[in-house]
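1. What follows is a predicted structure for the sequence shown.
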Amino acid sequence: MGSKNEVISQLKRRLSQIELERTQLQDNVYDAEQTLRTAAKDREYLNIYVKALHAAFEKVRILNEFLVMSHITTFIPLLYIHSLNVHTYN
């Protein structure tokens with residue numbers, strides 16, 4: 001009878017260990033799911049940020065082109081006068 005009780009005791013310990021491992025695995029799965037959700041949100045926010053940066057850079061590029069063109073058109077008459085070797089005195 002001692003052997004039978006020993007086997008039952010070992011099986012109970014093993015069952016307790018398996019239940020503990022099962023709980024730990026469930027916790028790990030939950031943590032992994034949370035991490036994946038967070039990563040997906042972070043990716044979404046990063047994508048929005050990159051699009052906003054792209055839009056801002058595009059605005060700066062357009063503004064820069066405008067400023068360069070307006071700078072050139074401001075100096076075109078001066079270049080024309082200079083090409084005629086006309087000197088202006090103040």
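-> Nice, I can see it.
2. Mind listing what's buried along stretch 16-25?
-> Buried residues in stretch 16-25, counted by 16 or more other Cβ atoms under 10 Å: none are found. In this view, the C-beta of every residue, glycine as well, is placed from N, C-alpha and C.
3. Pull out the CA atoms of it and give them to me as CSV.
-> Provided in CSV are the C-alpha atoms of stretch 16-25 (Å, rounded to 0.1, in the frame of the first residue of the first chain):
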residue,chain,number,x,y,z
SER,A,16,0.5,20.6,-9.6
GLN,A,17,3.7,21.3,-11.6
ILE,A,18,1.8,20.9,-14.9
GLU,A,19,-0.9,23.3,-13.7
LEU,A,20,1.7,25.8,-12.6
GLU,A,21,3.4,25.6,-16.0
ARG,A,22,0.0,25.9,-17.8
THR,A,23,-0.7,29.1,-15.8
GLN,A,24,2.8,30.5,-16.6
LEU,A,25,2.3,29.7,-20.3
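4. Check the gap between the residue nearest in space to the middle of the chain and Tyr30 for me.
-> In the chain, the centroid-proximal residue (Cα atoms, centre = their mean) is Leu46; its distance is 2.8 Å. The spacing between Leu46 and Tyr30, counted by Cβ to Cβ, to the nearest Å, is 24 Å.
5. which regions of this protein lie under the pLDDT threshold?
-> Applying pLDDT under 70 to the chain flags residues 1, 71-90.
6. Helices along that one, start to end?
-> 2-83 (DSSP state H).
7. quick one: Gln24 and Arg14, what's the gap?
-> In terms of Cβ to Cβ, Gln24 sits 15 Å off from Arg14.
8. oh, I was asking about Phe66
-> Distance from Phe66 to Arg14, by Cβ to Cβ: 77 Å.
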